[in-house]
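J.: the amino acid sequence is not available; the structure is as follows:
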């Protein structure tokens with residue numbers, strides 16, 4: 001087994017990396033960034049067409065990637081994604097739990113059962129399931145880096161509706177618990193907390209409903225919108241040897257919104 005300090009970990013350029021939600025937005029930018037370093041990437045996404053397009057983009061640039069398609073809220077799909085990385089690339093060195101969806105900015109009294117269950121399943125249950133699936137492989141290797149995409153909504157109560165806010169607070173808690181539980185086994189867990197970012201994420205909401213009306217004033221100090229590549233750069237850093245002593249951290253990438 002490798003030493004806890006990660007000295008035997010593969011350098012960037014030889015790692016096996018899983019990125020979820022990798023068909024678009026932050027996930028796509030992250031998959032491309034890892035591939036540009038020479039890492040081998042499992043492009044996991046619900047959409048087969050976008051996942052395939054990213055794999056082709058990586059291959060055209062001389063990189064190595066494979067698509068893994070399915071709903072990560074399904075335990076069988078999560079296990080299959082982990083198995084793909086192990087069988088194709090020899091293990092799992094880095095896991096990026098990035099896939100996520102927005103809610104309707106609904107205040108709690110207006111959240112439907114279906115909205116709650118869908119947002120929590122995609123944003124929190126899926127990262128739990130995939131992390132659980134890859135942990136045995138990381139533990140066997142004695143190393144691993146997990147980076148979760150939380151949100152500004154994981155740091156405050158004024159950035160989204162009840163379901164999304166609860167899910168991203170859950171991601172923050174999951175990240176910190178992972179860091180504590182597995183640091184002696186050479187595994188690090190960190191998260192980024194993006195502010196507004198130019199992605200394809202869809203926000204369907206009634207601006208006259210109580211939730212959006214109550215939240216509106218809080219977006220005055222949101223700052224500029226980030227590019228997906230800026231979020232990807234933070235993820236790549238947290239997964240790198242340069243962040244070897246960073247564990248259990250939640251890094252805001254939000255143009256200072258969290259400091260207001």
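T.: Received it, and whenever you're ready, just let me know what you need. Quick caveat: nothing in here was measured; it's all calculated off a predicted structure. Residues are numbered from 1 along each chain as shown.
J.: what is the strand of greatest length in the chain packed up against?
T.: For the chain, the longest strand by residue count, based on DSSP state E, is strand 187-194. When contacts are defined as 3 or more C-beta pairs under 8 Å, 6 or more residues apart in numbering; DSSP states H and E, strand 187-194 sits against helix 126-141, strand 144-149, helix 162-182, helix 228-238, strand 250-253. Backbone N, C-alpha and C define where each C-beta goes, glycine included.
J.: hmm, 7 Å instead?
T.: strand 144-149, helix 162-182, helix 228-238, strand 250-253 (3 or more C-beta pairs under 7 Å, 6 or more residues apart in numbering; DSSP states H and E).
J.: what strands flank it, and is each parallel or antiparallel?
T.: Applying DSSP bridges to the sheet, strand 187-194 is found paired with strand 144-149 (parallel), strand 250-253 (parallel).
J.: same question for that strand, mean pLDDT?
T.: In this model, strand 187-194 has a mean pLDDT of 98.
J.: also stretch 111-124?
T.: Here the average pLDDT along stretch 111-124 is 97.
J.: who touches it?
T.: Around stretch 111-124, the neighbours that count as contacts under C-beta atoms under 7 Å, 6 or more residues apart in numbering are 73, 99-101, 103-104, 106, 161-164, 167-168, 170-171.
J.: which one of the residues you listed is nearest to residue 218?
T.: Among the contacts of stretch 111-124, residue 161 lies closest to residue 218 (C-beta to C-beta), at 12.4 Å.
J.: the closest one - how many residues pack around it?
T.: Neighbourhood size, residue 161 [other C-beta atoms under 10 Å]: 27.
J.: ok, it - contacts?
T.: 103, 104, 105, 106, 107, 111, 211.
J.: show me which of these is closest to residue 135.
T.: Using C-beta to C-beta, those come closest to residue 135 at residue 103, 28.4 Å.
J.: okay, now the closest one: neighbour count?
T.: 25.
J.: can I assume it is in contact with residue 164?
T.: Yes: contact criterion C-beta atoms under 7 Å: residue 103 and residue 164 qualify, at 4.1 Å.
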